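**Student:** Below are the sequence and a predicted model for it; my questions follow.
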Amino acid sequence: MNILEKIVLHKRKEISQAKANIAARELELFPAFSRTGNSLSGQLRKENSTGIIAEFKRKSPSKGTINDRVQVEEVTLAYAQAGAAGLSVLTDEEFFGGDADDLKLARKSNPQTPILRKDFIVDEYQILEAKAWGADVILLIAACLSPEEIKHLGQFAQSLNLEVLLEVHDQEELERSLNPYLNLVGVNNRDLKTFQVSVDTSLQLVEQIPNEFVKVSESGLSSVETIHQLYAAGYRGFLIGENFMKTPVPGNALADLVGGLQYVTL
């Protein structure tokens with residue numbers, strides 16, 4: 001069993017317990033459930049957008065603890081003030097050290113900034129949770145879902161006015177997963193089998209992603225030059241987590257990157 005299979009197996013147990021604790025109809029009564037969402041795809045398409053989706057992540061299976069000494073409210077607010085086009089908040093507790101409160105607190109601190117619920121979505125119930133906790137976007141990972149599941153969950157999310165980011169790792173996942181119920185397509189530069197990271201993956205797949213979807217590059221992004229290269233290739237979103245979170249003050253790390261972008265013609 002690989003790490004993704006292990007995570008999904010654990011996730012399904014979590015979902016069963018969550019359903020026993022809070023019924024789906026109760027989630028629909030949460031105050032945030034009726035709020036009007038912020039569009040991440042719209043934000044990324046703006047001419048003056050930095051394109052950066054800044055992530056709050058305490059740990060990961062491949063890196064262990066990254067930063068458990070910072071507060072989600074402070075970090076996400078600093079991200080937004082430094083120019084983040086959107087925020088990504090991990091809500092998986094077992095493997096990434098996040099939880100629902102992280103998303104709720106990020107939303108409270110950043111009412112106008114698009115927020116992605118970063119988790120392993122395999123059930124409609126998690127999409128209801130995302131809406132109830134204040135997310136604007138959900139992530140669907142092609143590596144752990146069938147094409148039919150991606151289409152069904154994407155359609156359900158959009159029916160709740162949530163945007164959908166599809167994540168793929170290679171051409172095969174991309175070709176089998178595209179459907180009309182997506183807003184953004186992300187290419188994860190991390191090989192799930194080796195954990196090696198290469199932006200060549202994004203560059204090789206960009207022409208195969210239809211232009212109706214906002215193109216997002218994920219993982220391994222740390223330099224102004226790399227973002228410039230990916231922007232020129234057609235990407236408008238750049239999801240960055242670890243490279244910010246591994247510093248003592250993640251917001252400052254983003255501010256430094258945004259400052260560097262000002263000296264490069266995109």
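**Tutor:** Nice, I can see it. Residues are numbered from 1 along each chain as shown.

**Student:** so Gly51 sits right up against Leu44, yeah?
**Tutor:** Yes - using CB atoms under 8 Å, Gly51 is in contact with Leu44, at 5.8 Å. Where you see a C-beta, it was placed from the backbone N, CA and C, and this is true even at glycine.

**Student:** Identify the contacts common to these two.
**Tutor:** Counting by CB atoms under 8 Å, 6 or more residues apart in numbering, the contacts common to Gly51 and Leu44 are 85, 236-237.

**Student:** Keep only those of those residues that are in strands.
**Tutor:** Those of these mapping onto strands are Gly237, per DSSP state E.

**Student:** okay, the shared contacts of Gly51 and Leu44 in JSON lines with distance to Ile115 next?
**Tutor:** JSON lines is the format used below for the shared contacts of Gly51 and Leu44 (distance: CB to CB, whole Å):
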{"residue": "Ala85", "distance to Ile115": "11"}
{"residue": "Arg236", "distance to Ile115": "18"}
{"residue": "Gly237", "distance to Ile115": "14"}
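
**Student:** ok, of the shared contacts of Gly51 and Leu44, which one's closest to Pro248?
**Tutor:** Closest to Pro248 out of these is Ala85 (23.6 Å), distances taken as CB to CB.

**Student:** Please work out how many residues are found near the closest one.
**Tutor:** The number of residues packed near Ala85 is 24, by other CB atoms under 10 Å.

**Student:** On the pLDDT front, check it for me.
**Tutor:** pLDDT, Ala85: 98.

**Student:** same deal with Gln204?
**Tutor:** Predicted confidence (pLDDT) at Gln204: the value is 97.

**Student:** same question, Ser222
**Tutor:** In this prediction Ser222 is given a pLDDT of 89.

**Student:** show me what contacts the residue nearest to Leu203 when sequence neighbours are not counted?
**Tutor:** Closest residue to Leu203 apart from its sequence neighbours, by CB to CB, 6 or more residues apart in numbering: Ala233 at 5.7 Å. Taking CB under 8 Å, 6+ apart, we find Ala233 in contact with 202-203, 206.

**Student:** can you check Asn67 too?
**Tutor:** 58, 245-247, 250.

**Student:** Max pairwise distance over these: which two?
**Tutor:** Among the contacts of Asn67, Arg58 and Thr247 lie farthest apart (CB to CB), at 13.7 Å.

**Student:** More neighbours: which of these two?
**Tutor:** Set side by side, Arg58 and Thr247 show more neighbours around Arg58, with 19 against 16, by other CB under 10 Å.

**Student:** Against Asn67, how distant is the residue nearest to that one when sequence neighbours are not counted?
**Tutor:** Once flanking residues are discounted, Arg58 sits nearest to Gly97: 3.6 Å by CB to CB, 6+ apart. To Asn67, Gly97 is 10 Å away according to CB to CB, to the nearest Å.
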